[in-house]
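K.L.:
Structure for the following, please:
(one chain, ligands or ions: 1)
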Amino acid sequence: MSLYDYLLTQDGIITKESLLYPFEERGLQFGDGVYEVIRIYQGSFDLLEEHIERLYRSAEAIRLEVPFAKDTLIASLGQLTEKNDVQTDAKLYLQVTRGSAPREHSFPDVPSNFYAYIEPSERPVSLLQKGVRTILADDIRWDLCYIKSLNLLPNILAKQTAKDKGAFEAILHKDGIVTEGSSSNVFIIKDHILFTHPAAKNILHGCVRSRVLALAPNTGLQVEETAFTTDQLLQADEVFITSTTSEIMPVIEIEGKQIGDGTPGDNTRALQRAYEKESGIQATAFA
Ligand code: PMP
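P.N.:
Numbering: from 1, shown residues only. Predicted coordinates:
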């Protein structure tokens, strides 16, 4: 599926063909920037303010200026969906980098570069119904994973290892403690208690994670933002991962070991239904 034709830059809305980046660009050469991926359901943004808040938190953490005021950015992203006449399910990618300047590690005195584009993106309905297989991988990332930085090498390598093994996601752990997935947050349910790693500096504070924590008490689950071990993960009643594009994705297998009876659990199903209701999206027929 191809991109929609128009992008938003710090200079306004332009066609994708007219975006030209110099080879000396901080994002290209250093990964010196931050990004967001925002869900669009039937032409409307989901969790938009939460993503924008996180973008500004990430930018501030690396002393990077977003070249828009928050409300201007929100309005401009709305104009971008209108200009592209987005009606379908889609996702918006945006990034801010420290600009274009001769290559030197220290900060240049130049304006930031910004772009945002939209591409069609269907909901993974079949996987949401069936659940996915995962693997375990060492979390070899740095200490500040709450910053949504462009530096994603460890995440990419873990995801590729998962893919090579026919799995959907790599669940990361540090010294036996589960942190998050390579591009998702990880939850377990044991005896009707929902556990996930606390929103500390070493994980990304997922927007879907926050929504799940808010919805869980309504589905009869007790919530514990407490870290758990890989043993607890493998012995959980139910496991799922969350992300903007994967929503609430049941995990039915980890490293070849079946979770529960190998099908998505009832509590996960209840959360999936609550999530669809909260997002105002079409309900999936769950078996
Ligand atoms: N952790 C990581 C490392 C991620 O890349 C993502 C996806 N952005 C998430 C968690 C989930 O975040 P969100 O729910 O905001 O998509």
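K.L.:
CA only for contacts and neighbour counts going forward, please
P.N.:
Noted.
K.L.:
Run through the residues that contact residue 91.
P.N.:
For residue 91, the set of contacting residues under the criterion of Cα atoms under 8 Å, 6 or more residues apart in numbering consists of 37-40, 118-121, 245.
K.L.:
Distance to residue 152 for those - can I get that in a markdown table?
P.N.:
What follows is the contacts of residue 91, written out as a markdown table (distance: Cα to Cα, whole Å):
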| residue | distance to residue 152 |
| --- | --- |
| 37 | 14 |
| 38 | 18 |
| 39 | 20 |
| 40 | 23 |
| 118 | 21 |
| 119 | 21 |
| 120 | 23 |
| 121 | 21 |
| 245 | 17 |
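K.L.:
just these now: which is nearest residue 129?
P.N.:
When the contacts of residue 91 are compared for distance to residue 129, the smallest value, 14.7 Å, is given by residue 245; criterion: Cα to Cα.
K.L.:
could you list every residue that touches residue 191?
P.N.:
Neighbour list for residue 191: residue 237 [criterion: Cα under 8 Å, 6+ apart].
K.L.:
let me redo that: residue 249
P.N.:
The neighbourhood of residue 249, defined by Cα under 8 Å, 6+ apart, consists of 127-128, 131-132, 240-242.
K.L.:
cutoff 6 Å now
P.N.:
Residue 249 is in contact with 128, 240-241, counting by Cα atoms under 6 Å, 6 or more residues apart in numbering.
K.L.:
ranking those by neighbours, who comes first?
P.N.:
Within those, neighbour counts (other Cα atoms under 10 Å) peak at residue 241, which reaches 26 neighbours.
K.L.:
And stretch 254-261, end to end?
P.N.:
Its start and end residues considered, stretch 254-261 measures 13 Å (Cα to Cα, to the nearest Å).
K.L.:
buried ones in it?
P.N.:
Under the neighbour-count criterion of 16 or more other Cα atoms under 10 Å, stretch 254-261 has 254-255, 259-260 buried.
K.L.:
same check, this time on stretch 214-222
P.N.:
Residues of stretch 214-222 classed as buried: 215-216, 221 (neighbour count, 16+ other Cα under 10 Å).
K.L.:
Walk me through the domains of the chain.
P.N.:
In the assignment given by automatic domain parsing, the structural domains of the chain cover 6-120, 125-279.
K.L.:
Let me have these in JSON lines, adding mean pLDDT and distance to the ligand as columns.
P.N.:
What follows is the domains of the chain, written out as JSON lines (pLDDT from 0 to 100; distance: least, Cα to the nearest ligand atom, whole Å):
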{"stretch": "domain 6-120", "mean pLDDT": "97", "distance to the ligand": "6"}
{"stretch": "domain 125-279", "mean pLDDT": "98", "distance to the ligand": "3"}
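K.L.:
re the thing from before, I'd like the contacts of residue 249 laid out as a markdown table, including distance to residue 182 and secondary structure.
P.N.:
Shown next, in a markdown table, are the contacts of residue 249 (distance: Cα to Cα, whole Å; DSSP: H, G, I helix; E, B strand; the rest coil):
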| residue | distance to residue 182 | secondary structure |
| --- | --- | --- |
| 128 | 18 | helix |
| 240 | 14 | strand |
| 241 | 10 | strand |
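K.L.:
Done for today, thanks.
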